[in-house]
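**Student:** Next come a sequence and a model predicted from it.
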Amino acid sequence: MHPLRNLTIKSFHEGLMTKKFSALEATQAFFEHIKESDKSIGAYLSLNEENAIKESEKVDLALAKGENLGLLAGVPLAIKDNILIKNLPATAGSRSLEGYLASYDAGVIKKLKSEKAIFLGKANLDEFAMGSSTENSGFHLTRNPHDRERVPGGSSGGSVAAVASDQAVAALGSDTGGSVRQPAGFCGVVGLKATYGSVSRSGLIAMASSLDQIGPITKTVGDAAVLFKAIAGGDQMDSTNAGFNYGDELLSLDLQKIRNLRVGVPDEYFADGLEEEVKVALQRTIEDLKGLKITFKKISLPHTKYALSVYYVIMPAEVSSNLARFDGIRYSRIKGSDVGVSNVKDIYFKHRGDGFGAETKRRVILGTFVLSSGYYDAYYEKAQRVRSLIKRDFDEAFKQVDVILTPVSPTRAFKIGEKVSDPLSMYLSDILTIPANLAGLPAISIPVRTGEPYSRDNLPIGFQLIGRHFREADILGLGQMYEKMNEGNIKTKPG
Amino acid sequence: MASPINKKTLKHLAELARVELLGKEEERIFKDLQKILDHFEELKELDTENVSPMTGGTSLSNIFRGDEKRGTTNLGAGAHAFPKEKKGFLEIPPVFESDE
């Protein structure tokens, strides 16, 4: 059995400091486990073994010299393959980027390198982070560690499955419409999408720039706070980075302040289509929190039902612009003579025709349409206006409450192949996570821990806490309080 | 409402988007787009005349760094992976074709 099972960032740090294991031993044990376990999970696209071993030796050396090490030193992480690590592959799950090596470090990677974290490898995802099941990866499927016949969710399915099967202590994903939170919910781990502008997007292969945020995937809410604190903050390489300084509040809980938070429950998130198990689990979570004397209030977010349409206009529009850079010239090894064409335009067509999957093509074409002359006002601008209404709903709600509690997705993990032929039904699995991206709000997905959340089918269920802009401390605080209450129930599933 | 997309517009869009559609992709994407655009019809229910569009992830404005010369640039990065390279630049076929 994997000797490092159920390790959190915090317990890893303790183990390292008390010499239960060295950073090198830990890293080696993780690679051993990955080589065995990932055959049936498929969480990783590429491994970074040689470098990881070298870096972990440096951590041990620093420790021997008595240097002060932070909580993330030596911690083995999985990184979603749309985040650049210099000289390592970065495919974004697309065949079109096969063979590309990143030429610089993403902003978040620079920060994690200075913390001496260890990168085990690059994790699988839906192509360019577009999908809700990781089935759109150009390379292979990732399976849900709780049930191998089911999807892990997506698009950060590889990162999440790695954490849920102890193939990494924690991971980074990216969240454009729920791509960190929805898979975290499906696999029973914690996923945070922070306030838009709080984490640098430099070196994240852009999907939809007004929505994308990199976020931590961890086993506990406490760990999410640690990893978020490490990656948040200023970066001059991202013009949308607010340079917000979070201070110590994130890591030191003020229980009294948290007890005074008012929590809103929006009717619209408990509408038709919510699976019975999800409804029951959410009810139980609310009861648990009421037991801590947290005040609840019913609220309304009336434009919720339009969020999906708004998202599927705005996101493909931004996708079609962002993906224009993949022209077969700049990030690839394509040779005109290899594909039988001799001019730049045909290389462009051929490269994208062969290299992009169906979902990517669908979104690029849809985005081109909604931005095209004659349709721009009716679709793109209309969606931007409704986006304002959705944000306004939240502004109104946050006058009455501090945190909003909802389910993460309407159902638990679905079967592989179940939704792949019907894009609209696939899109619906993000319906409860999309609004936070549209409004730029921080939101976290936390596994329901009490009772028997894994009842029928043994599948995890998540709940979501949405906070005010830059108030990650509220949702992380309330989440940690919930977690403290259920300390005995925190565990991952065997990989 | 009649769908705003027909096969001819789809072909034109694919051309504009520089995407080659292979095999059954054209048929499939055509059907999917009609369904998706149908779904968007619900947006028309809302009166948004007096609502201004939200153009970014927050209402904060962009932050710019000083326009100063920095120590290093990324010039030439990735060029080694390209079939033909000259002093850090990529050599590609002609972009414009001659009319002759």
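**Tutor:** Sure, I can see it.

**Student:** For the rest of this, base every contact and every neighbour count on C-alpha atoms.
**Tutor:** Fine.

**Student:** Please list all residues in contact with the most centrally placed residue in chain B.
**Tutor:** Chain B has residue B:17 as the residue nearest its centroid, 6.5 Å off, counting by CA atoms, centre = their mean. By CA atoms under 8 Å, 6 or more residues apart in numbering or on different chains, the residues touching residue B:17 are A:320, A:324, A:364-365, A:368.

**Student:** is it true that residue A:414 touches residue A:154?
**Tutor:** No - Residue A:414 is beyond contact range of residue A:154, at 11.5 Å (criterion: CA atoms under 8 Å).

**Student:** helices or strands next to the host helix or strand of residue A:347 in the packing?
**Tutor:** Per DSSP states H and E: residue A:347 is located in helix A:344-355. The contact analysis (3 or more CA pairs under 8 Å, 6 or more residues apart in numbering or on different chains; DSSP states H and E) places helix A:344-355 against helix A:336-339.

**Student:** mind listing the helices for chain B?
**Tutor:** Here chain B has its helices, by DSSP state H, at B:7-16, B:25-40.

**Student:** Which one's more surrounded, residue A:414 and residue A:154?
**Tutor:** residue A:154 (35 against 19; other CA atoms under 10 Å in any protein chain shown).

**Student:** which stretches of the chain form strands?
**Tutor:** You didn't say which chain, so I picked chain A. A:44-47, A:76-80, A:118-123, A:170-175, A:190-193, A:213-218, A:262-266, A:295-299, A:403-407, A:443-447, A:462-467 (DSSP state E).

**Student:** wait, chain B
**Tutor:** B:85-86, B:89-90.

**Student:** Of these, which is nearest chain A?
**Tutor:** Closest to chain A of the strands of chain B, according to CA to the nearest CA: strand B:89-90, at 8.2 Å.

**Student:** pLDDT (mean, whole number) over the closest one?
**Tutor:** Averaged across strand B:89-90, the pLDDT comes to 76.

**Student:** Out of the strands of chain B, indicate the one that is most buried.
**Tutor:** Between the strands of chain B, strand B:89-90 has the highest mean count of neighbours, a mean of 16, where neighbours are mean count of other CA atoms under 10 Å in any protein chain shown.

**Student:** quick revisit: tabulate the contacts of residue B:17 in TSV, adding columns for distance to chain B and pLDDT.
**Tutor:** Shown next, in TSV, are the contacts of residue B:17 (distance: CA to the nearest CA, whole Å; pLDDT from 0 to 100):
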residue	distance to chain B	pLDDT
A:320	8	97
A:324	8	95
A:364	7	97
A:365	6	97
A:368	6	97
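
**Student:** Buried subset of those, written for ChimeraX?
**Tutor:** Buried subset of the contacts of residue B:17, written as a ChimeraX selection, criterion 16 or more other CA atoms under 10 Å in any protein chain shown:
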select /A:320,364,365,368
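
**Student:** what sits against residue 84?
**Tutor:** Defaulting to chain A. By CA under 8 Å, 6+ apart, the contact list for residue A:84 reads A:90, A:102-106, A:109, A:203-205.

**Student:** hmm, I had chain B in mind actually
**Tutor:** Counting by CA under 8 Å, 6+ apart, the residues that residue B:84 touches are B:90-92.

**Student:** Need the pLDDT of it.
**Tutor:** The model reports residue B:84 with a pLDDT of 75.

**Student:** Equivalent analysis for residue B:81, please.
**Tutor:** The model's pLDDT for residue B:81 equals 69.

**Student:** Residue A:74 too?
**Tutor:** So, for residue A:74, pLDDT stands at 98.

**Student:** In chain A, which residue is most central in space?
**Tutor:** residue A:180 (2.1 Å).

**Student:** show me what contacts residue 62?
**Tutor:** Because you didn't say which chain, this covers chain A. residue A:69.

**Student:** I was thinking of chain B, sorry if that wasn't clear
**Tutor:** Counting by CA under 8 Å, 6+ apart, residue B:62 has contacts A:239-241.

**Student:** Please list which of these are also close to chain B.
**Tutor:** A:239-241 (CA under 8 Å from any CA of the partner chain).

**Student:** Turn those into a markdown table, columns for neighbour count.
**Tutor:** Output for these, formatted as a markdown table (neighbours: other CA atoms under 10 Å in any protein chain shown):
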| residue | neighbour count |
| --- | --- |
| A:239 | 18 |
| A:240 | 26 |
| A:241 | 24 |
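
**Student:** Same list, the residues you listed, but as CSV with distance to residue A:403 and pLDDT please.
**Tutor:** Formatted as CSV, these follow (distance: CA to CA, whole Å; pLDDT from 0 to 100):
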residue, distance to residue A:403, pLDDT
A:239, 28, 85
A:240, 24, 86
A:241, 23, 87
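
**Student:** one step back: save the helices of chain B as a markdown table, and put in mean neighbour count, distance to residue A:176 and mean pLDDT too.
**Tutor:** Shown next, in a markdown table, are the helices of chain B (neighbours: other CA atoms under 10 Å in any protein chain shown; distance: least, CA to CA, whole Å; pLDDT from 0 to 100):
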| stretch | mean neighbour count | distance to residue A:176 | mean pLDDT |
| --- | --- | --- | --- |
| helix B:7-16 | 15 | 24 | 94 |
| helix B:25-40 | 17 | 19 | 93 |
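
**Student:** what's the closest of the ones you listed to residue A:432?
**Tutor:** Nearest of the helices of chain B to residue A:432, taken as CA to CA: helix B:25-40 at 17.0 Å.
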